[in-house]
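Student: model the structure of this input:
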Amino acid sequence: MRIPFKILISFAFLAFIALGCEEPKKEEPVVKPRAFPGYHILLDEILRSQDGVFRGINLNADPDLVKKNESVPPIEDAEEHIYYEFKADSQTNYSIDYTFAEDSLEEISVQINTDDLDLSSYLFCDLKDYYANKLPNPTEDKGQIVYNCFKGQRKPFVVSLSDNSSPSKGIINMVIYKDK
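Tutor: Coordinates of the predicted model:
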């Protein structure tokens with residue numbers, strides 16, 4: 001008994017397709033390591049890096065380094081300052097104003113706004129803890145928490161952190177500036 005050639009080819013073709021149709025392997029998403037493990041995930045976005053005083057940048061940096069470090073074009077770009085706005089999620093946004101004197105970064109002002117008052121409290125506590133671990137012995141002055149850096153070869157600088165929230169809106173302000 002002879003199997004017709006067309007049937008044999010059809011079986012071979014179906015077997016080839018069946019064996020070749022394996023489910024494609026799903027690539028596991030690459031999980032980027034957290035910059036600030038143990039703190040709220042938004043600190044990874046807002047502070048970005050443990051290097052430098054803020055977002056991997058130190059005071060005295062030039063404007064080109066700041067622009068290169070940021071992921072979006074600035075809202076305002078003047079000789080004395082560069083201003084950015086970011087939307088973290090549907091309830092939270094933040095702005096960063098870098099101030100320069102003679103092409104040298106003198107001050108960084110950050111304002112975080114959120115409609116989630118619990119998140120605001122959590123972020124404020126995490127920022128306090130982070131800078132307390134980085135710059136010990138903070139002082140409280142008129143509702144602001146002030147951290148001073150006088151260590152080693154770094155130029156002295158100050159981090160001032162305040163919670164200016166209202167009953168309906170969370171507002172955290174942070175200013176980093178050279179200590180003169």
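
Student: contacting residues around the residue nearest to the spatial centre of the chain?
Tutor: The chain has Glu45 as the residue nearest its centroid, 1.8 Å off, counting by C-alpha atoms, centre = their mean. Glu45 makes contact with 86, 88, according to C-beta atoms under 8 Å, 6 or more residues apart in numbering. Where C-beta positions appear, they are placed from N, C-alpha and C, glycine not excepted.

Student: wait, a strand at it?
Tutor: No - according to DSSP: H, G, I helix; E, B strand; the rest coil, the state of Glu45 is helix, so it is not within a strand.

Student: tell me how far it lies from Asp89.
Tutor: Taking C-beta to C-beta, to the nearest Å as the measure, Glu45 falls 9 Å from Asp89.

Student: how about the helices in the chain?
Tutor: Assigned by DSSP state H, the chain shows helices spanning 5-20, 41-46, 63-69, 117-134.

Student: between those, which gets nearest to Lys169?
Tutor: Closest approach to Lys169 among the helices of the chain (C-beta to C-beta): helix 117-134, 7.9 Å.

Student: and the closest one, C-alpha only, in CSV?
Tutor: Output in CSV follows, covering the C-alpha atoms of helix 117-134 (Å, rounded to 0.1, in the frame of the first residue of the first chain):
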residue,chain,number,x,y,z
LEU,A,117,-1.5,64.5,52.1
ASP,A,118,-0.4,61.1,53.3
LEU,A,119,2.1,61.0,50.5
SER,A,120,3.3,64.5,51.3
SER,A,121,4.0,63.5,54.9
TYR,A,122,5.7,60.3,53.9
LEU,A,123,8.0,62.1,51.3
PHE,A,124,8.8,64.8,53.9
CYS,A,125,9.9,62.2,56.5
ASP,A,126,11.9,60.3,53.9
LEU,A,127,13.7,63.4,52.7
LYS,A,128,14.4,64.3,56.4
ASP,A,129,15.8,60.8,57.0
TYR,A,130,17.8,60.7,53.8
TYR,A,131,19.6,64.0,54.4
ALA,A,132,20.0,63.3,58.1
ASN,A,133,21.9,60.1,57.2
LYS,A,134,24.0,62.0,54.6
